[in-house]
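**Q** Provided below are the primary sequence and the corresponding predicted coordinates.
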Number of protein chains: 2
Amino acid sequence: MEQENTPFERAFRQVGPVSIGTQLYRHLREAIIRGELSPGQALSEAEISKKYSVSRQPVREAFIKLAEERLVTVLPQRGTFVVKISVADVLDARFVREVIEVAVVQEAAMHVLPEKIKALRDIIAAQARVPHGQNEQFLELDEAFHRELAYSVGRAHAWRVIEGIKAQMDRVRYLSLDDATPITHLIEQHSRIVDGIEAGDPVAAADAMRTHLREIISSLPGIAEQNPETFEQ
Amino acid sequence: MEQENTPFERAFRQVGPVSIGTQLYRHLREAIIRGELSPGQALSEAEISKKYSVSRQPVREAFIKLAEERLVTVLPQRGTFVVKISVADVLDARFVREVIEVAVVQEAAMHVLPEKIKALRDIIAAQARVPHGQNEQFLELDEAFHRELAYSVGRAHAWRVIEGIKAQMDRVRYLSLDDATPITHLIEQHSRIVDGIEAGDPVAAADAMRTHLREIISSLPGIAEQNPETFEQ
DNA sequence: AAAAGCAAACTGGTATGGTACAATAGTGTT
DNA sequence: AACACTATTGTACCATACCAGTTTGCTTTT
């Protein structure tokens, strides 16, 4: 965890309609995806509740949501653990994500509004302005791009599914932030996707998306070799 | 809810590694999908906990899981409600399910093992033996068919996504059990899907799957007209 | 020295009391 | 009669205590 907090000063309190449990869930989720919590690491309810000066109850609820997302596994009376990354699972998840996003981009190429294309171009432009080394900011805009793409054709449910899969894939990306594909290359791929959409060419758009998604995890085998402790088996 | 329970005799208790909260989740999930709990109906923690003679804690955890699956919505300090079915959401969910299952069946047509084909044929044969009117049993075998299909090509993650989507679609199916497509017709469609796989013809298998999934919700507009209270807006 | 047994220190699961907020019914006012 | 205000009820949320398994480490036994 990156931020400490002094005792007697609780890090989280219920603010507005956002419960402490939900805040904890979001916080822990980010920490796991970014690798700040190591795969295999034990996370007890008591430990987390003490760390953030809250009761076990909201911690427990956060764990339940994280378990639903396969980011932790809860073993009754034994412990809760950050799940290790599985190469097979990531490949399987990529397969599902690819077929969904390819279908989405094909729909977009056939009947998307010009204003939506502009919104996508704006996100790409923002990515180009991200300073070198600000990888987290880049990944946020990457998420915005894929979200906007799904929403542009009214596929909210598709995005919901993609979002869960993306979390698993992003865990790998954070492990390979440096030696991964250069950012400029990824921006270029985003542009080609929008080019295909704007040209009304579903085949070109689909090909661009496939290339993009496969390149994202191209470094997976090497990463798994370099970090045996964070991967399953 | 179908089953009553006498006071002082709790319906649920923690048995083995399955917690009360998990049992409640499964029970309520089935009840919602089958329409035994009406869309829009309020479900308070206290009410459910009293009904099953358990504390509010496991009920609350069941609600959280149901909310993650979009089967209930929790409004803080206001109540928890069974979500109404949305025609747009069902269509959106079907879109995602179609692209996934079409991709799965294409993979299967290209390299599936003969023993897996036999397993699929066995499920279809079992469906043919289901007595007329035993719709729940038929739907269980329908789920087994689609699960076995995904597992036959090692796409466990794909099935996990399909499972969630299927819940939304099954809510509609339970509403239209009688006037829906005849069961014999659906069995025939399953057979054609396996025919395409066995013939090693990805195009035929994909077409059969598309036809099948679109027919499943063909009755959606009519059902929405007949049950305005259970649908959104 | 090795193994068996036992006790203490964990773990997550459950029950219950209290809190803040929202909705509502009722009362008083205009 | 219509409206403002108040008290009551009901909700999900949080905190805390207790429970039942699991693990761990020490002690005892062989």
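**A** Everything's here; your move. These numbers were taken from a predicted model, which means no experiment stands behind them.

**Q** Do I have it right that residue A:33 meets residue A:172?
**A** No. Here residue A:33 lies out of contact with residue A:172, judged by Cβ atoms under 8 Å, at a distance of 10.0 Å. For every residue, glycine as well, the C-beta is placed using N, CA and C.

**Q** Looking at these two, which one has more neighbours?
**A** Between residue A:33 and residue A:172, residue A:172 has the larger neighbour count (other Cβ atoms under 10 Å in any protein chain shown), namely 24 against 20.

**Q** and whichever strand or helix holds residue A:145, what does it pack onto?
**A** When secondary structure is defined by DSSP states H and E, residue A:145 falls within helix A:135-152. Helix A:135-152 is packed against helix A:87-111, helix A:114-128, helix A:156-175, helix A:183-198, with contacts defined by 3 or more Cβ pairs under 8 Å, 6 or more residues apart in numbering or on different chains; DSSP states H and E.

**Q** so which of the ones you listed gets nearest residue B:52?
**A** Ranking these by distance to residue B:52, with Cβ to Cβ as the measure, places helix A:156-175 first at 30.3 Å.

**Q** could you give the mean pLDDT of the closest one?
**A** Taken as a whole, helix A:156-175 has a mean pLDDT of 95.

**Q** tell me which residues of that helix are tucked away?
**A** A:157-159, A:161-162, A:164-175 (16 or more other Cβ atoms under 10 Å in any protein chain shown).

**Q** try stretch A:219-233
**A** Residues A:219-220, A:223-224, A:227, A:230-231 are the ones in stretch A:219-233 that count as buried (16+ other Cβ under 10 Å).

**Q** nearest to residue B:184, of those residues?
**A** Minimum distance to residue B:184 across the buried residues of stretch A:219-233 is 46.0 Å, recorded for residue A:220 (Cβ to Cβ).

**Q** So the nearest residue to the closest one once chain neighbours are set aside versus residue A:181, what's the distance?
**A** On the basis of Cβ to Cβ, 6 or more residues apart in numbering or on different chains, the spatially nearest residue to residue A:220 that is not a chain neighbour turns out to be residue A:172, at 5.8 Å. Noted for residue A:172: a distance of 12 Å to residue A:181, by Cβ to Cβ, to the nearest Å.

**Q** Find residues that contact each of those two.
**A** For the pair residue A:172 and residue A:181, residues contacting each of them under the criterion Cβ atoms under 8 Å, 6 or more residues apart in numbering or on different chains are residue A:219.

**Q** which helices and strands sit right next to the helix or strand of chain A with the lowest mean pLDDT?
**A** Using mean pLDDT, DSSP states H and E, the weakest-scoring helix or strand in chain A turns out to be helix A:220-226, at a mean of 92. Using 3+ Cβ pairs under 8 Å, 6+ apart as the contact definition, the elements that helix A:220-226 packs against are helix A:87-111, helix A:156-175.

**Q** now for the shortest one, which elements pack on it?
**A** Applying 3+ Cβ pairs under 8 Å, 6+ apart, one finds that helix A:156-175 makes contact with helix A:20-33, helix A:87-111, helix A:135-152, helix A:220-226, helix B:87-111, helix B:156-175.

**Q** Which residue lies nearest the spatial centre of chain A?
**A** residue A:167 (3.2 Å; Cα atoms, centre = their mean).

**Q** Give the closest residue to that one in space, chain neighbours not counted.
**A** For residue A:167, ignoring the flanking residues on the chain, the nearest one in space by Cβ to Cβ, 6+ apart is residue A:33 at 5.6 Å.

**Q** do the same with residue A:34
**A** If the residues on either side of it in the chain are set aside, residue A:34 comes closest to residue A:174, at 5.2 Å by Cβ to Cβ, 6+ apart.

**Q** So the one you found sits against residue A:32, correct?
**A** No. If you go by Cβ under 8 Å, residue A:174 and residue A:32 don't touch, sitting 9.9 Å apart.

**Q** so residue A:144 sits right up against residue A:123, yeah?
**A** Yes. Under the criterion of Cβ under 8 Å, residue A:144 makes contact with residue A:123 at 5.4 Å.

**Q** which of the two has more neighbours?
**A** Higher neighbour count among residue A:144 and residue A:123: residue A:123, with 21 against 16, using other Cβ under 10 Å.

**Q** So for DNA strand C, which of the helices and strands packed on helix A:156-175 sits nearest?
**A** Distance to DNA strand C, taken as Cβ to the nearest atom of the strand, is lowest for helix A:20-33 among these, at 11.6 Å.

**Q** the inter-axis angle of that closest one versus helix A:135-152?
**A** Here the directions of helix A:20-33 and helix A:135-152 differ by 110 degrees (axes from the mean of the first three to the mean of the last three Cα atoms, to 10 degrees).

**Q** From residue A:28, how far off is residue A:58?
**A** For residue A:58, the distance to residue A:28 under the criterion Cβ to Cβ works out to 11 Å.

**Q** Give me the mean pLDDT for stretch A:33-40.
**A** Here stretch A:33-40 scores 95 as its mean pLDDT.

**Q** Quick one: end-to-end length of that stretch, please.
**A** Stretch A:33-40 has an end-to-end distance of 13 Å (Cα to Cα, to the nearest Å).

**Q** Only the buried residues of it, if you could.
**A** A:33-35, A:37, A:39.

**Q** picking that back up, any chance of the helices and strands packed on helix A:135-152 in CSV, plus distance to residue B:212?
**A** Listed next are those as CSV, based on distance: least, Cβ to Cβ, whole Å:
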stretch, distance to residue B:212
helix A:87-111, 17
helix A:114-128, 32
helix A:156-175, 20
helix A:183-198, 30
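
**Q** Quick one, which of those helices gets closest to residue B:84.
**A** Nearest of the helices and strands packed on helix A:135-152 to residue B:84, taken as Cβ to Cβ: helix A:156-175 at 15.8 Å.

**Q** and the closest residue to residue A:219 other than its chain neighbours, how far is that from DNA strand C?
**A** If you skip the residues right next to it in sequence, residue A:219 has residue A:176 as its closest partner in space, 4.6 Å away by Cβ to Cβ, 6+ apart. The span separating residue A:176 from DNA strand C equals 30 Å under the rule Cβ to the nearest atom of the strand, to the nearest Å.

**Q** show me what contacts residue A:57?
**A** Applying Cβ under 8 Å, 6+ apart, one finds that residue A:57 lies in contact with residue A:21.

**Q** List the buried residues for the strand or helix carrying it?
**A** Taking DSSP H and E as the criterion, residue A:57 maps to helix A:56-68. Burial within helix A:56-68, assessed by neighbour count using 16+ other Cβ under 10 Å, is assigned to A:58-66.

**Q** Ok, stretch A:117-134 next?
**A** Buried residues in stretch A:117-134, counted by 16+ other Cβ under 10 Å: A:117, A:119-120, A:123-124, A:127, A:130.
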